[in-house]
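Undergrad: Could you look at this predicted model? Sequence included:
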Amino acid sequence: MSKVENLGEIVDKYGPHLYDAPIDGWLADRKIDRAVPTHCPYCGVQCGMNLLVSNEEVIGFEPRYDFPVNEGKLCPKGVTAYLQIHHPDRLRYPLVKKNGVFERATWDDALDLVVSRIKEIQAKHGKNAVGVYSGSSLTTEKTYVMGKFARLGLGTRYVDYNGRLCMVSAAAGNNKAFGVDRVANSWDDIPLAEVLMIAGSNCAETFPILNKYLWQQRDNGGSWIVIDPRATATARQGDIHLQLKPGTDVAVANGLLNVIIREGLIDEEFISKHTNDWDAVKAVIDKYPPSRAGELSGIDPAKIEKAAILYGQARTGMILHARGIEHHSNGVDNVLSYINIVLATGKIGEPGRGYGTITGQGNGQGGREHGQKADQLPGQRSMTNPEDRKHMCEFWGLPEDELPEAGVSVVEMYEKMREGEIKALISTCNNGMVSLPDVNAIQRSLEGLEFYVNIDFFMSESSRFADVVLPTTTWAEDEGVTASAEARVVKINKAIDPIGETRPDWWIAKEIARRMGREKYFQFDSPREIFNELREASKGGKADYYGITYEKIDAQNGVMWPCPTEESKGTPRMFEDKKFYHPDGRAKFFAIEYKGPAEVPDDEYPLSLTTGRVVYQYLSGNQTRRIGFLVQQCPEPYVEIHPETAAKMGIVDGENVKVISRRGEGIFPALVVKTIRKDTIFIPYHWGDAKAANLLTNAKLDPVSKIPEFKACAAKIEKIASRELPILGQVRKGASLSEAQRGK
Amino acid sequence: MEARPTPQKLSYRNPTIIGLVSSIVLTALVIIGSRNLENFDSALFGYTIASVVAFGAIAFRYAVWLQRPATRIYFKRGLQLFFNRKKFGKSAKSAVGSIATNLVEQRFIFKRARQRWIMHFFIMWGCILAAAITFPLVFGWVHFTLEGDMGYRAHLFGFPLILMNGRSLIAWITFHGLDISAVMVMIGCAIAIHRRLNDRGAIALQQFLLDFVPHLLLIAISVSGLMLTASSLWFQGYMYSFISLSHQALVVMTLFFLPFGKLFHIVQRPASVGVELYQNRSAEMEQAICPRCRSSFVGKMWMDDLKVLVNELGYDYRLKNGHTLQDYCPRCKRVMRGLAYAKAPDKAEPVFFGSRVGGPNV
Amino acid sequence: MQETMFVDPQRCIGCRSCVAACRECSTHKGYSMIFVDFFDRGESTATMPTICMHCAEPTCAQVCPADAIKQNEDGVVMTALKPRCLDCRNCVNACPFGVPKYNSAMHLQMKCDMCYDRSSEGLKPMCASVCPTGALTFGKYEDVVPLRRTKPVNIHYFGNQKVETKVYLMMPTNQGDAIRIEGDSEFEEHLSAKAGDEASWLENEMGETDNSNEFRS
């Protein structure tokens, strides 16, 4: 159905084009009408910034020194974020594909077409033939609406969100161990920790502003243990670097805990009073002395001992982890094995003693709390718990039999598209053609759809496949809240009215629902009204927002949930009373055996491929691959290879090489660096088309969290026979490969 | 031993002589050009004196400027290159090209900002027009005689030139040339002042004496000049002599301001022709190679001149490896400094556990 | 102005946020004057942030034939005066730190002026405002130094040449009052056995200027 036949024309018209200056150029004489305090649209730190508005146009930013998290600090994405608002590539009116060509349509025509096609498909194949795939860069209000829209507006069980590619392993692990899914401490605890253990996080590039806290800790005399297959900037600045093989995190964590137990550095009192199932863990950990842990993970056992003793002896300490341990087919196991260390040493619920995942997306935390996750209802309620279902149906005034069953994760949804069970898809705030594993399969899923509606503000690699593209607003044109990685609920403020004919996502969902005859469930006209409904909906849930108001957020510079009452100031530090969210108030240990990644290097594919990010691009790159400065700093993906590995194959720095896995292949310039393991290669994943790292990655899912294994698969490298470099050079300065292809 | 830059010693003897000689030469030219003051308009005597003094002052200032070691090297080398016989044709071509693009078209100002170029266009051509009309009159080089009823004849250095009809457009433009130039200057200055009042960058950097006074003087001259025209045309010479005296005072002030303030760039800017010649020529010659990254980044002649200059200024950037710091390209200089920094913890105890720049200790 | 800049390369994560933010300042108008250079990407992710050190006796001003580079009463060495600068690039190549950039089309040298529109009004310069780790910090000596475990140094020796600067470099060692730059071979002796100093292609790609400090158009 939805094939992309005229890629060149689409790229010509909708980009990515590079744009690198404020709307009228770099002027310093425009009168600034107002500075709107708001937050960065990108990662989970949610840095504060002021947008400068002149004549109803955003012309720049001014650091927001008074916002306590970042104190004016920003990464290069944040600095250039305002450039996307008036970007020439912005979609300004609805597009409907006719005979393979996008044509301008009115909102009425476009929405009527969407509704008639959905009705037609649902009448023929049942309500579940339509899926909704949402995102976590939306404000919490919008994520709440998207979940409700899918289940109440369309009546489909198939809804999920791109946080599935983010930190669901951490979410699942936290729920299992603590009974609640939230980072346990605010960042303010980081400087108080003597030792930080940072596992699988290149936070220098992925959460640059977090480094403010890391260096405060260092200035206080603290040290860092960094666990990463690459010697990233964070690892370089750290004190002990455990450079493990990708996917061997359980072995490392178990090895660390083994030493901690051996040295008598566990907190027996905490274990006996506040936890369950310690004995089972102890039995398993006995099998992982540092020698075995070192052998499995490729780390010098002495280093594991040293790290374990450093963390174990410290009075205060925190463990932070990120995608590096979560993006695995055993991601939840990885998370739980680190939580075991936290619980065994009792370093939780006190100043400088804590644990947390560093959530990726801007609203990664908020986006997984209020009912757009396949298995959840608002307030982190469960889709499968009869009480929770009853509660929400009563709240919404929905007959209980009308609430669909729990859905499936997004990768499984795309499988169901290929299998023909899902015939139509409405997606917003995501770009599966870059961010989902095994892009070739994803493309087949989209091409197999009968009807595809994509909502975005730039034409993404995925939008190109859509039958209808609806233009939405950027973050500067609407208000709403997000929950940052420390569960701090902050307020995005509206700087200007939506440009062109763009409309916020909540308006689009509401309009489709109205035309479907479901308007009684969507009685709101502003984000504030949605937020008030959401507060009530979350009341009594784990993620209780009831006591949070827009005014309280402004007055307090953010509120950390749970905030159950209007008097409550929120909860910066969890578990201070050592009460966990399981019914018996105890945290739970899980005995984890090492399994390793689903695909291990073998003779045919001898290298371990891991993927990740660069500081200049954000997620699927649809927003950042259009900003001149960011593209100039990192114009294209590359493959990091150790010099010894490169020398064996005669590969020199900058040479284009072919990287092949069992699922696909791609050509990337080699970056020959000593900062990576000899048995490992690395490709940043922000690009699409032939430059997509996810052509290679393994779509194997974690059995619990359903996160795909982005961080480890087997691959090989081949030299390209011709010395001529077919891609390098042409694409170097461009935004994407598709632009170069257009040229041919 | 530490090397410190030696303060530059400026001698004023030669510049003073140059200034005096310039003034005397101009005086002689005035006398000769006006046929022994025969054609000299004594009403313009004040202007003439001020011009002669200002001319001497500019020559003095220019001579002082040329004493800067950097300027002197460029000046000498520029002349040497220009008068190199083998390449004279090429040099002349380069100079003509530079004059066209830099001085006439002023493309570089356009690249800085379009508005700036418009502003500068009006001020510069307004001033040039005004100067082209007034100085020959003031020096008695040009004068007009009445022939018949409405015929005006222009004379240059006493030689008769064209006869024109007083009612013709050409005559109107000729007699109102100064009014046209005044309007041009006012437009340009208005743009400049508007920018200086609104541009946050300019506001931060500007100084009243340096950046506002020249514009205010030019506007005052233009306004008073236009008032003279208005007075004689429409108000029967009302307050003419007062306005005339004010105008004269303002012009004299501006002339004396020329060598010392922002307006000195008028005489300084043409040096860019020489600089460009120097650069073009040095780009054709052997290139200096950065000893570290092996990239060529600047002409060798230029680099050698620069090293001589830096040395002459009292700096000593010689390194232990036999190179001079300036031999390295800018990026390698930055990286070398970084590497020296990276090595520091090896020489002494690091302040804390992880403070090796290259990577963790463990 | 009692405040100055403190540069701590060890904290630098190479994000080039400063490079992007530098363009936002009203006196820079889209041109960035900061450099973040890899020491050697093949060896390490370590990066060196370079801003103008604002020398007490600036070489750049001395070598300027047009006398276009001025130091203000705060000791800040300003960008070349626009009417004067002849685009001769003497300053670009004489500066011991490799700081001044030039734009040939505009006949103009440009360099860090500590965001004079901001710092003269008590605001932090853009780079120090946004720097995530504090590798670039703006503040008073007595406010910044006690919080750090590094030693502030404002004297460089390039061979015999002593250069005293307004800006401080934070040394990761507690000895010596100066940093000495003697040659170019430290990295090889220190960390690697690699021959040659060719920069990685990635290093050549990045940044607003080429290795001669000319702005890329």
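TA: Right, received. Where do you want to start?
Undergrad: Quick one: low-confidence residue ranges for the chain.
TA: Since no chain was named, I'll use chain A. Low-confidence regions of chain A, defined by pLDDT under 70, span residues A:1-2, A:721-744.
Undergrad: actually chain B
TA: For chain B, the ranges with pLDDT under 70 are B:1-9, B:346-362.
Undergrad: now the strands: where do they sit in it?
TA: Per DSSP state E, chain B carries strands over the ranges B:142-147, B:151-156, B:159-165, B:287-289, B:296-299.
Undergrad: Tell me the residues of the stretch 101-250 of chain B that contact chain A?
TA: Applying Cβ under 8 Å from any Cβ of the partner chain, one finds that the stretch 101-250 of chain B approaches chain A through B:195, B:198-202. For every residue, glycine as well, the C-beta is placed using N, CA and C.
Undergrad: One more pass at 6 Å, please.
TA: B:198-201 (Cβ under 6 Å from any Cβ of the partner chain).
Undergrad: of those, buried ones?
TA: Buried members of these, counted by 16 or more other Cβ atoms under 10 Å in any protein chain shown: B:199-201.
Undergrad: those strands in the stretch 1-150 of chain A, which residues are they?
TA: Ranges of strands in the stretch 1-150 of chain A, per DSSP state E, counting those that start in this stretch, are A:34-39, A:48-54, A:57-63, A:95-98, A:101-104, A:130-134.
Undergrad: still on that earlier bit, which among the residues of the stretch 101-250 of chain B next to chain A are in contact with chain C?
TA: Answer for those near chain C (Cβ under 6 Å from any Cβ): B:200-201.
Undergrad: Can you add distance to B:His155 and give the residues of the stretch 101-250 of chain B next to chain A back as CSV?
TA: As requested, those are arranged in CSV below (distance: Cβ to Cβ, whole Å):
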residue, distance to B:His155
B:Asn198, 48
B:Asp199, 47
B:Arg200, 53
B:Gly201, 50
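Undergrad: Please flag which of the residues of the stretch 101-250 of chain B next to chain A sit within helices.
TA: Using DSSP state H, the subset of these located in helices is B:198, B:200-201.
Undergrad: Contact partners for the spatially most central residue of chain C?
TA: Nearest to the mean C-alpha position of chain C, by Cα atoms, centre = their mean, lies C:Ile51 at 1.9 Å. C:Ile51 is in contact with C:34, C:112, counting by Cβ atoms under 6 Å, 6 or more residues apart in numbering or on different chains.
Undergrad: do that again at 8 Å, thanks
TA: Counting by Cβ atoms under 8 Å, 6 or more residues apart in numbering or on different chains, C:Ile51 makes contact with C:5, C:7, C:18, C:33-34, C:99, C:112, C:127, C:136, C:167.
Undergrad: Likewise for B:Val267?
TA: Neighbouring residues of B:Val267 by Cβ under 8 Å, 6+ apart: B:58, B:62, B:258.
Undergrad: A:Ile23 contacts A:Glu56, doesn't it?
TA: No: using Cβ atoms under 8 Å, A:Ile23 is not in contact with A:Glu56; the gap is 10.6 Å.
Undergrad: Would you mind telling me which of those two has more residues around it?
TA: Relative neighbour count places A:Ile23 above the other of A:Ile23 and A:Glu56, with 19 against 10, counting by other Cβ atoms under 10 Å in any protein chain shown.
Undergrad: Would you mind measuring from A:Arg625 to A:Phe589?
TA: Counting by Cβ to Cβ, to the nearest Å, the separation of A:Arg625 from A:Phe589 is 44 Å.
Undergrad: Which one of the two is surrounded by more residues?
TA: Neighbour count, other Cβ under 10 Å: between A:Arg625 and A:Phe589, A:Arg625 has more, with 29 against 22.
Undergrad: which SS state does that one fall under?
TA: Taken by DSSP: H, G, I helix; E, B strand; the rest coil, the conformation at A:Arg625 corresponds to coil.
Undergrad: count of neighbours near B:Leu233?
TA: Close neighbours of B:Leu233, defined as other Cβ under 10 Å, add up to 11.
Undergrad: Same question for A:Glu402.
TA: Neighbourhood size, A:Glu402 [other Cβ under 10 Å]: 12.
Undergrad: likewise A:Thr206?
TA: The local packing of A:Thr206 (other Cβ under 10 Å) involves 24 other residues.
Undergrad: For it, which non-adjacent residue is closest in space?
TA: Counting by Cβ to Cβ, 6 or more residues apart in numbering or on different chains, A:Thr206 lies nearest to A:Arg613, which is 5.2 Å off, once chain neighbours are set aside.
Undergrad: Cross-check the contact I'm expecting between that neighbour and A:His686.
TA: Yes: between A:Arg613 and A:His686 there is a contact under Cβ under 8 Å: 6.9 Å.
Undergrad: Who has more neighbours out of these two?
TA: The residue with more neighbours, out of A:Arg613 and A:His686, is A:His686; 28 against 19, by other Cβ under 10 Å.
Undergrad: any idea which element that one lies in?
TA: Per DSSP states H and E, A:His686 falls between elements, in no helix or strand.
Undergrad: quick one on the thing from earlier: out of the contacts of B:Val267, the closest to B:Leu226 would be?
TA: Using Cβ to Cβ, B:Leu258 is the member of the contacts of B:Val267 that lies nearest B:Leu226, at 22.1 Å.
Undergrad: List the contacts of the closest one.
TA: Neighbour list for B:Leu258: B:54, B:57-58, B:264, B:266-267 [criterion: Cβ under 8 Å, 6+ apart].
Undergrad: buried stuff in stretch B:105-117?
TA: By neighbour count on 16+ other Cβ under 10 Å, the buried set for stretch B:105-117 is B:106, B:108-113, B:116-117.
Undergrad: what packs against the strand ranked longest in chain C?
TA: The longest strand of chain C (DSSP E) is strand C:161-171. Strand C:161-171 sits against helix B:330-347, strand C:4-7, strand C:151-158, with contacts defined as 3 or more Cβ pairs under 8 Å, 6 or more residues apart in numbering or on different chains; DSSP states H and E.
Undergrad: hmm, the longest one touching chain A?
TA: No: no part of helix B:330-347 sits close enough to chain A to count as contact by Cβ under 8 Å from any Cβ; the gap is at least 11.1 Å.
Undergrad: May I have that helix exported as PDB, CA atoms only?
TA: What follows is helix B:330-347, C-alpha atoms only, in PDB (Å, rounded to 0.1, in the frame of the first residue of the first chain):
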ATOM      1  CA  PRO B 330      46.700  27.400  15.000                       C
ATOM      2  CA  ARG B 331      45.100  24.100  15.700                       C
ATOM      3  CA  CYS B 332      48.400  22.400  16.500                       C
ATOM      4  CA  LYS B 333      49.200  25.300  18.900                       C
ATOM      5  CA  ARG B 334      46.000  24.600  20.700                       C
ATOM      6  CA  VAL B 335      46.600  20.900  20.800                       C
ATOM      7  CA  MET B 336      50.200  21.200  21.900                       C
ATOM      8  CA  ARG B 337      49.100  23.300  24.800                       C
ATOM      9  CA  GLY B 338      46.600  20.600  25.600                       C
ATOM     10  CA  LEU B 339      49.200  18.000  25.500                       C
ATOM     11  CA  ALA B 340      51.500  19.900  27.900                       C
ATOM     12  CA  TYR B 341      48.500  20.100  30.200                       C
ATOM     13  CA  ALA B 342      47.800  16.400  29.800                       C
ATOM     14  CA  LYS B 343      51.400  15.600  30.800                       C
ATOM     15  CA  ALA B 344      51.300  17.800  33.900                       C
ATOM     16  CA  PRO B 345      50.000  15.100  36.300                       C
ATOM     17  CA  ASP B 346      52.900  12.900  35.400                       C
ATOM     18  CA  LYS B 347      55.400  15.400  36.500                       C
END
